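In: model this:
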Amino acid sequence: MQHKGESALNQTCPVCRQSIPVGWGECPNCGATLSGSADNLFPCPRCGAGLPIDARFCNSCGAPLGQPAALPPLSDPDIPSFPSNSSTSEKFSAPIIWLLGAIAALGLFLCLGLIFLLRQKDLPTATFFPTAQPEAATLTPRRDNPADSPTLPGLTVQPPTLQPAAPTAAPTAHFFAGQRMAYASAGDQNAGRSIFLRCLDDACALRQLTSGTDKYGDNYPTFSPDGQRLAFTRCYLNRSDGCDLFVTDLNGAAPRLVLSGHKVMRPKWCAAASSPYGDWVAFEDRRKNGNDYQDSDSSLGMVNAVTGEFRSLTTNLSDWMPAWSADCATIFFTRYDPSDLSGLLAGLMTLNVASGKIDSLTDFGAFSAPAQLSAVASPDGLWLAYRNVTDTSGDGRYRGADDRADAALFPLGGGNSAVWANSFSVASLSWSPNSRWLLVSSTTNQSRILDLQGNTLVILGEEMWHPVWSP
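Out: Reported below is the predicted structural model:
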């Protein structure tokens with residue numbers, strides 16, 4: 001191997017393009033193997049060894065060779081030139097080429113993107129429309145006796161409420177399949193009445209849950225939120241100072257005494273299991289014996305059906321017929337004019353259970369006739385059904401079956417009230433779990449199921465007192 005300086009003639013390394021003396025067998029800069037003259041050499045594409053221009057195989061690694069293209073000269077006027085004997089110019093030439101190539105590629109990419117956006121601007125834009133919401137349904141209450149019924153406004157449902165069709169015969173399922181009700185039997189309130197459970201589709205046998213005797217009677221059943229327990233009052237023939245509250249499990253366990261020492265009437269169990277009041281029963285707390293109207297005083301109380309804890313809700317002695325809201329945050333009730341003994345001047349009120357605040361709910365808060373009694377809230381929280389009592393007998397006093405008590409609806413979400421002028425006098429009301437039907441008893445103790453138009457769907461028969469629909 002010759003050493004640097006033995007020859008004054010120079011040649012260019014075909015790999016790193018550095019100037020080196022002619023005749024060297026190895027480039028001192030990159031280590032490429034050299035042979036022949038600079039004009040007749042080209043680098044092996046695999047190992048970089050200098051090879052004759054007509055070589056078919058590499059003498060160093062044996063790679064097969066084709067005819068290589070001549071390397072283009074670096075003649076771009078925009079690329080600065082450096083002296084041939086400067087290693088710095090050779091080291092920077094390749095990065096500059098790569099940089100210029102990247103800039104060119106980026107420019108091409110941006111141009112294509114701009115063209116794409118301009119074309120997209122001319123394309124039609126897709127528009128998506130939300131599913132149309134149903135309009136608020138307007139219901140017109142049916143008139144059973146249009147000749148003697150006043151003209152009443154239609155009932156606007158907000159938000160829309162289902163309008164079920166009348167039941168039709170079905171070969172595989174009853175219209176009220178799986179639904180149950182509880183009620184008190186015929187007999188005297190203070191002697192003989194019992195509590196029964198029946199299926200509305202007659203799929204189960206009638207069950208007697210309690211047994212009244214000649215000394216006491218069981219009244220006003222009300223279901224727990226899970227439908228597995230019943231609270232009811234037991235009134236005694238020879239005890240004018242009170243009716244006790246009992247709870248019975250539907251699994252057949254004996255009734256359990258919850259509260260004594262009060263005259264517990266019309267109990268209503270909170271229907272919201274998730275509420276802090278899910279174990280509480282609200283009721284009329286009568287202060288002296290009397291009939292169901294204004295001849296006796298009444299305030300509101302509540303009792304825990306599990307622990308027996310009692311709380312007084314109101315101190316006014318003219319508060320009656322409590323019922324929970326769907327979420328059990330409010331109790332609806334009827335308040336009479338304290339000076340009225342007719343039983344006709346009464347309006348609907350609300351009680352905030354947590355704060356104790358009382359407000360008037362309807363326009364009848366001034367205690368003008370007709371009386372608004374026995375309110376019950378629908379499970380969906382949209383409706384308040386109640387009894388609308390008018391003095392049809394003309395004696396200036398509400399006397400049960402002698403006067404008209406129509407079913408009415410008050411929309412809790414806004415809208416107009418409506419009264420169904422039915423051909424029977426309503427005694428009590430209870431909602432179905434789906435808020436589509438009302439279980440109604442009359443003052444003649446005949447029970448039936450109404451739809452939200454006031455139409456009778458089913459007549460259940462006679463001798464049912466205070467029927468309630470199971471959750």
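
In: domains of this structure?
Out: Split into domains by automatic domain parsing, the chain comes to 1-74, 138-469.

In: kindly report which one of the ones you listed carries the lowest mean pLDDT.
Out: When the domains of the chain are compared by mean pLDDT, domain 1-74 comes last with a mean of 60.

In: and residue 352, bridged to which residues?
Out: Listed by DSSP bridges, the beta-bridge partners for residue 352 are residue 330.

In: quick one, strands of the stretch 251-400 of the chain?
Out: Per DSSP state E, counting those that start in this stretch, the stretch 251-400 of the chain carries strands over the ranges 256-259, 263-269, 280-286, 298-304, 310-312, 319-324, 330-336, 346-352, 358-360, 371-377, 383-390.

In: now those strands in a markdown table, with distance to residue 416 and mean neighbour count?
Out: Just so you know, the C-beta spots here come from the backbone N, C-alpha and C atoms, and that holds for glycine as well. Converted to a markdown table, the strands of the stretch 251-400 of the chain look like this (distance: least, CB to CB, whole Å; neighbours: other CB atoms under 10 Å):
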| stretch | distance to residue 416 | mean neighbour count |
| --- | --- | --- |
| strand 256-259 | 40 | 18 |
| strand 263-269 | 26 | 24 |
| strand 280-286 | 28 | 25 |
| strand 298-304 | 28 | 22 |
| strand 310-312 | 35 | 12 |
| strand 319-324 | 21 | 25 |
| strand 330-336 | 18 | 25 |
| strand 346-352 | 15 | 21 |
| strand 358-360 | 18 | 14 |
| strand 371-377 | 15 | 26 |
| strand 383-390 | 12 | 24 |
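
In: could those go into CSV alongside distance to residue 48?
Out: What follows is those, written out as CSV (distance: least, CB to CB, whole Å):
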stretch, distance to residue 48
strand 256-259, 101
strand 263-269, 95
strand 280-286, 94
strand 298-304, 95
strand 310-312, 99
strand 319-324, 93
strand 330-336, 92
strand 346-352, 93
strand 358-360, 97
strand 371-377, 92
strand 383-390, 92
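
In: next one: residue 227 from residue 258, what distance?
Out: According to CB to CB, to the nearest Å, residue 227 and residue 258 sit 18 Å apart.

In: and residue 102, that's in a helix?
Out: Yes - using DSSP: H, G, I helix; E, B strand; the rest coil, the assignment for residue 102 is a helix.

In: to residue 233, which of the strands of the stretch 251-400 of the chain lies closest?
Out: Nearest of those to residue 233, taken as CB to CB: strand 263-269 at 5.0 Å.

In: ok, now which ones touch residue 181?
Out: Listed by CB atoms under 8 Å, 6 or more residues apart in numbering, the contact set of residue 181 reads 197, 198, 200, 430, 439, 460, 467, 468, 469, 470.

In: so it is in which element?
Out: Using DSSP states H and E, residue 181 maps to strand 180-184.

In: C-alpha coordinates for that strand, CSV please?
Out: Listed next in CSV are the C-alpha coordinates belonging to strand 180-184 (Å, rounded to 0.1, in the frame of the first residue of the first chain):
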residue,chain,number,x,y,z
ARG,A,180,-103.3,-6.3,41.9
MET,A,181,-105.5,-4.3,44.2
ALA,A,182,-106.4,-4.3,47.9
TYR,A,183,-109.6,-3.2,49.4
ALA,A,184,-111.8,-3.3,52.5
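
In: relative to the helix or strand just after it, what are the paired strands and their orientations?
Out: Downstream of strand 180-184, the next assigned helix or strand under DSSP H and E is strand 195-199. Paired strands of strand 195-199, with direction, are strand 180-184 (antiparallel), strand 207-208 (antiparallel) (DSSP bridges).

In: deepest-packed of those strands, please.
Out: Comparing the strands paired with strand 195-199 by mean neighbour count (mean count of other CB atoms under 10 Å), strand 180-184 comes out on top with a mean of 24.

In: tell me which of the strands of the stretch 251-400 of the chain sits nearest to residue 446.
Out: Nearest to residue 446 among those is strand 383-390 (15.5 Å), distances taken as CB to CB.
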